[in-house]
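Colleague: Turn this into a structure:
(one chain, ligands or ions: 1)
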Amino acid sequence: MTDSNAGPARTRYAPSPTGPQHIGGMRTALFAWLFARRHGGQFILRIEDTDQKRSVPGSLEMILQSFDWLGMDIDEGPREGGPYGPYVQSERLELYQAWAAWLVENGHAYKCFASVEELAEMRAAGAGYDRRYRDTSAARAANLEAQGLPYVIRFKMPLTGVTVGEDMIRGPIEFDNDKMQDAVLLKSDGYPTYHLAHIVDDYHMKISHVTRAVEWLPSFPLHLQIWKAFAWEEPQFAHLPVLLNPNGKGKLSKRKQQFTDAAGKSVPVLVQEFIEAGYLPAAVMNFLCNIGWNYGDNEEIFSIAQAIERFDLKDVNPANSAYPIAKLDWLNSQYIQRAGDDELCRRLKPILEKAGYSVDGERLKRVAPLLRVRLKSLNDVLPMAGFFFDDWTAFSPPAVDILIQRKMDDQQTAAVLRDAILVLERLDDFAPEAQQAAMASYAKATGFKNGQVFGTLRAAVTGQRVSPPTFETMEILGKAESLRRLKLALASLQQAVA
Ligand code: GLU
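Modeller: A predicted model of the protein is given here:
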C-alpha cells in the first residue's frame with residue numbers, strides 16, 4: 001500500500017457544539033481518526049464554540065457519547081485533557097486576540113470600524129465589504145478606537161495573483177485572490193471567527209492533517225494566506241465529500257428523522273437515533289467507512305482494525321455521495337450474526353430492560369443464540385423473544401387467528417394440540433431433536449404438513465406468529481410449562497369455537 005504520510009499524524013475533529021451529533025460529522029471524525037490510527041499518531045477533539053449564539057448546552061456530552069458508543073478513542077480533548085489544551089475555544093480567547101493583534105502589528109490585518117449601517121449599505125449594493133478601512137493609518141485607527149468605536153479585525157487578503165491549495169483528495173486547486181473578501185478574524189466582542197481560531201489552534205495543537213467538510217473549500221485560499229502571514233508551516237488538507245440525502249439531492253439534513261425509506265421507516269441521521277434503532281456500533285462504523293471510501297477487494301464487510309491498516313485520505317472519493325442507508329440494515333444483520341454470545345447478551349439486555357422486562361441472565365444466554373440469524377435490528381428482540389422474559393404464570397393463549405395455521409380449521413387445530421400433548425408428555429428426552437422427531441412422525445402419520453404442526457405448536461406456546469425455532473423455544477420453556485401452554489391453547493380454542 002502506498003502511504004501519503006511518512007511520520008505519525010495528528011488529526012482532529014472540531015465540531016461546533018450545536019446539538020445532537022449528526023452522522024455526517026461522525027463520518028468526518030472517523031476519517032480523521034482512522035488516519036491518526038493508521039499512522040500511530042493522535043486524534044484530538046476540539047470544541048469550536050466561538051459562535052456563542054449557536055451553542056447548545058449538553059452538546060459535548062452528546063458528542064462524547066457518540067465517540068464512546070462507536071468505540072473511537074480520543075487522545076486529547078476536553079474530557080481527556082492533553083498537553084495543548086484547553087480544547088474548548090471559548091477558553092482560549094486571549095490566544096486568538098494576541099495573534100489577531102500580531103497580524104495587525106505586522107501589516108497582515110487591520111481594524112475595521114464600519115458600522116452596522118455601513119455594512120448593510122454595502123450588502124445592499126451587492127459587492128460585499130469594500131475594504132474601506134484597509135489602508136487606514138495607524139494613527140487614525142488609534143484615534144477611532146480612543147473614541148470608543150467598536151471594530152472588527154479583518155485579514156488583508158492579497159488583491160491580485162492566485163493561491164494554490166494542495167488538497168490530498170482533490171490535488172492542486174487554484175483560486176483567484178481578487179474573488180476573495182477581507183474576512184473578519186476577530187469580532188467586536190473579542191471572539192474570533194472560525195477562520196482565525198482554527199488556524200491558531202491547528203498550529204498550537206500541532207495538527208498535521210486537517211480533515212473537514214468540502215463546504216470549507218471556498219475559504220481554503222483565505223486560510224492558506226493566513227498561514228502564510230503567520231509564517232507557520234501549514235498542515236496538509238483533505239476536504240471530505242459530504243453526505244447527500246438518500247435520493248441523492250441536497251445535503252443530508254441536520255434535522256432529526258426527516259426522511260423515510262420506501263417502507264415508511266424513518267431514516268436515522270443522529271447518532272442517538274442509530275443507538276435507539278438497535279444498530280450495533282461495529283455495523284455503523286463499517287457503514288461509515290463505506291461512505292466515500294472503500295476497503296478494496298470488493299469487500300463490504302471488514303473490521304475497523306482492517307480499515308486502519310489500509311485507510312488513506314488520498315483514497316477518499318471526492319464526489320459527494322447519497323446516504324446509503326439501505327445498506328445499513330443488511331450490514332447490521334451481518335454483524336449480529338457474527339457477534340459472540342457475550343456481546344449479543346450485553347447488547348440485548350438493556351433493550352429488554354428498557355421495555356420493562358426483568359432479564360434473567362442465564363435465560364438470556366440460552367435465548368440469544370437462537371436470535372442471532374433472525375434479528376435485523378437488536379430491537380427485534382422485543383417482538384420476537386420478549387415473551388421469554390414475561391411473567392410465565394401470566395401467559396395467556398393466543399387469539400384463534402394466530403393459533404389456526406394456513407389451510408387448517410379449528411377442528412384440525414384442536415386435534416393437533418390434543419395429540420401433541422399426548423406425544424410430548426411421553427417424551428423423556430425433551431431436547432429439540434427428540435421433540436422434532438416425535439412431532440414429525442406424528443405429522444407423517446396423520447398427513448399434516450410439518451409446517452402446520454410445528455406452526456400450531458409455535459403459536460400455542462409463544463402466542464406469536466414469529467419466534468425463535470419452536471422446539472428450542474419449548475426446551476427453554478421446559479416440558480411442564482410447554483405442556484401447560486398447549487393445554488391452555490386447546491382450552492381457549494374450544495371455548496372460542498363452542
Ligand atoms: N467547527 C467547524 C465545523 O463544524 C470545523 C471545521 C474544521 O474541521 O476545521 O464545520
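Colleague: what residues does the protein put near the ligand?
Modeller: Within reach of the ligand by C-beta under 6 Å from any ligand atom, the chain has these residues: Ala14, Pro15, Ser16, Glu48, Tyr194, His198, Arg212, Trp216. From N, CA and C alone the C-beta is placed, and that goes for glycine too.
Colleague: what about 8 Å?
Modeller: Within reach of the ligand by C-beta under 8 Å from any ligand atom, the chain has these residues: 12-16, 25, 28, 48, 194, 198, 202, 210-213, 215-216.
Colleague: and Glu433, what does it touch?
Modeller: Shown in contact with Glu433 (C-beta atoms under 8 Å, 6 or more residues apart in numbering): Phe471.
Colleague: Now intersect the residues of the chain next to the ligand with the strands, please.
Modeller: If you go by DSSP state E, these have Arg12, Tyr13, Val210, Thr211, Arg212, Ala213 in strands.
Colleague: between those, which is nearest Ala489?
Modeller: Set against Ala489, the nearest of those by C-beta to C-beta is Tyr13 (56.0 Å).
Colleague: tally of neighbours for the spatially closest residue to that closest one that is not a sequence neighbour?
Modeller: Among residues not flanking Tyr13 along the chain, Ala29 sits closest, at 3.8 Å (C-beta to C-beta, 6 or more residues apart in numbering). For Ala29, the count of nearby residues is 26 (other C-beta atoms under 10 Å).
Colleague: How about Phe113?
Modeller: 19.
Colleague: just Ser59 next, same as before
Modeller: Using other C-beta under 10 Å: Ser59 sits among 19 other residues.
Colleague: Tell me where the model's unsure across the stretch 201-350 of the chain.
Modeller: 254-265 (pLDDT under 70).
Colleague: Quick check: the residue of it nearest the ligand.
Modeller: Arg212 (3.5 Å; C-beta to the nearest ligand atom).
Colleague: For the stretch 51-200 of the chain, which segments count as helices?
Modeller: In the stretch 51-200 of the chain, the helices defined using DSSP state H, counting those that start in this stretch lie at 59-70, 93-105, 116-125, 138-146, 194-204.
Colleague: Quick one: closest of these to Gly455.
Modeller: The nearest among the helices of the stretch 51-200 of the chain, by C-beta to C-beta, is helix 59-70 at 38.8 Å.
Colleague: Nearest to Ala282, out of the helices of the stretch 51-200 of the chain?
Modeller: helix 59-70 (8.7 Å).
Colleague: packing partners for the closest one?
Modeller: For helix 59-70, the packing partners by 3 or more C-beta pairs under 8 Å, 6 or more residues apart in numbering; DSSP states H and E come out as helix 23-38, strand 42-45, helix 271-276, helix 281-289.
Colleague: how about a cut-off of 6 Å?
Modeller: Judged by 3 or more C-beta pairs under 6 Å, 6 or more residues apart in numbering; DSSP states H and E, the packing partners of helix 59-70 are helix 281-289.
Colleague: Look up how far Gly82 lies from the closest residue to Tyr96 other than its chain neighbours.
Modeller: Spatial nearest neighbour of Tyr96, excluding adjacent residues (C-beta to C-beta, 6+ apart): Pro192 at 3.8 Å. Between Pro192 and Gly82 the computed distance is 21 Å (C-beta to C-beta, to the nearest Å).
Colleague: neighbour-wise, which of the two wins?
Modeller: Between Pro192 and Gly82, Pro192 has the larger neighbour count (other C-beta under 10 Å), namely 26 against 16.
Colleague: hey, what's that one bridged with?
Modeller: For Pro192, the beta-bridge partners under DSSP bridges are Leu186.
Colleague: Just to check, it is in contact with Leu186?
Modeller: Yes. Counting by C-beta atoms under 6 Å, Leu186 is a contact partner of Pro192 at 5.4 Å.
Colleague: check which helix or strand covers the closest residue to Met168 other than its chain neighbours.
Modeller: With sequence-adjacent residues excluded and distances taken as C-beta to C-beta, 6+ apart, Met168 is closest to Ala238, at 4.2 Å. Ala238 is part of strand 236-240 when elements are defined by DSSP states H and E.
Colleague: gap between Ala213 and Thr28?
Modeller: 6 Å.
Colleague: What is the neighbour count of Asp297?
Modeller: So Asp297, with other C-beta under 10 Å, has 8 neighbours.
Colleague: In contact with the closest residue to the ligand within the stretch 351-498 of the chain, which residues?
Modeller: As assessed by C-beta to the nearest ligand atom, the ligand sits closest to Ser377 within the stretch 351-498 of the chain, at 30.2 Å. Listed by C-beta atoms under 6 Å, 6 or more residues apart in numbering, the contact partners of Ser377 are Gly278.
Colleague: any idea how far it lies from Val416?
Modeller: Ser377 is 33 Å from Val416, by C-beta to C-beta.
Colleague: so what's the backbone phi/psi at Pro432?
Modeller: phi -50, psi -40 (degrees, to the nearest 10).
Colleague: Fine by me, thanks again.
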